[in-house]
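1. Everything below, folded, please.
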Amino acid sequence: TRMDYTEEPNSLPFLLSLASCAGFSVTFLCHLVFSPLLLSRIRGYRTLPENKQLYLITLLASTVQAIFASTVTGFIITTGWLGDVRVYSKSQLGFTTMQVLFGYFVADLLFCLYFPRLRNEFVVSMIFHHTTSIIGIGLGLYYQGKLMYFVVCQFISECSTPFTNLHRVLNDLKRRSGFWYWFAFYGRVIAFFLCRILVIPWHWYELLLSLADPPSSLHLRVWTCVIR
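-> Okay, here's the model as predicted:
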């Protein structure tokens with residue numbers, strides 16, 4: 001059944017849910033407990049500059065959320081979990097995924113802002129990325145899952161993140177040879193091409209096809225294009 005967006009109330013509890021709190025809490029646990037314990041066991045980590053140590057600490061939570069997001073997104077796309085009507089489709093799985101990632105992005109952004117030495121050129125771009133992600137996901141949740149299909153499908157791009165993070169760790173530790181280094185390097189290249197470049201035409205085809213549907217209002221079309 002199609003839903004009339006103009007009749008749906010906005011809802012803050014969709015933002016402040018158990019799933020978003022879980023994503024927030026797990027991220028800080030990774031940053032403050034699990035990542036330092038794991039990295040302290042790796043030879044060469046303690047000799048790195050403090051800003052690099054802090055940045056590597058953020059990569060465990062980044063990898064966990066990327067695996068979660070890309071796996072759930074792949075399941076949603078291949079099984080048609082959100083239905084055929086792209087603009088209006090919703091599901092509890094979609095809500096949970098968006099809420100978990102909303103909590104992750106908020107926690108990771110706060111961590112980056114708290115440590116001034118993290119604010120190098122690369123992290124500044126990450127702060128911009130997290131801020132736009134919070135706005136996009138947050139709007140989708142605040143308006144009770146509007147355009148959920150398109151927001152969730154964006155998460156497929158996270159497939160390249162685990163390879164990128166592993167490559168960054170090995171590169172900073174100067175372990176630039178061996179199986180795992182080249183596995184991360186080629187995995188990042190292939191996943192980036194497949195999940196961040198090759199899918200762009202499909203994303204826009206789905207978007208424009210769905211928004212051509214007469215019930216889609218003008219402000220909805222403009223807002224969706226901005227999010228994309």
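2. Report the contact partners of residue 63.
-> With contact set as CB atoms under 8 Å, 6 or more residues apart in numbering, residue 63 has these partners: 161-162, 165-166. Any C-beta I mention is one placed from the backbone N, CA and C, and that applies to glycine too.
3. so of these, which ones are in strands?
-> Nothing among those maps onto strands, per DSSP state E.
4. Include pLDDT and distance to residue 202 when you put these into JSON lines, please.
-> Formatted as JSON lines, the contacts of residue 63 follow (pLDDT from 0 to 100; distance: CB to CB, whole Å):
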{"residue": "161", "pLDDT": "94", "distance to residue 202": "20"}
{"residue": "162", "pLDDT": "95", "distance to residue 202": "22"}
{"residue": "165", "pLDDT": "94", "distance to residue 202": "26"}
{"residue": "166", "pLDDT": "95", "distance to residue 202": "27"}
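5. Need those residues in CSV (columns: distance to residue 135 and neighbour count).
-> Formatted as CSV, those follow (distance: CB to CB, whole Å; neighbours: other CB atoms under 10 Å):
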residue, distance to residue 135, neighbour count
161, 20, 22
162, 25, 20
165, 24, 19
166, 29, 19
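6. For residue 37, state which of the residues you listed is nearest.
-> Comparing the contacts of residue 63 against residue 37 with CB to CB places residue 165 closest, at 17.1 Å.
7. So the closest one sits against residue 62, correct?
-> Yes - using CB atoms under 8 Å, residue 165 is in contact with residue 62, at 5.8 Å.
8. which residues in this structure form helices?
-> Assigned by DSSP state H, the helices in the chain fall at 18-29, 35-40, 50-57, 59-79, 92-114, 121-142, 148-153, 161-172, 179-192, 200-211, 218-227.
9. For this structure, give me the ranges with low pLDDT.
-> Filtered on pLDDT under 70, the chain yields the residue ranges 1-11, 81-88, 118-122, 210-228.
10. Would you confirm that residue 51 contacts residue 117?
-> Yes - between residue 51 and residue 117 there is a contact at 4.4 Å, judged by CB under 8 Å.
11. follow-up on the earlier one: closest one to residue 12 among the helices of the chain?
-> That would be helix 121-142 among the helices of the chain, by CB to CB, at 6.9 Å.
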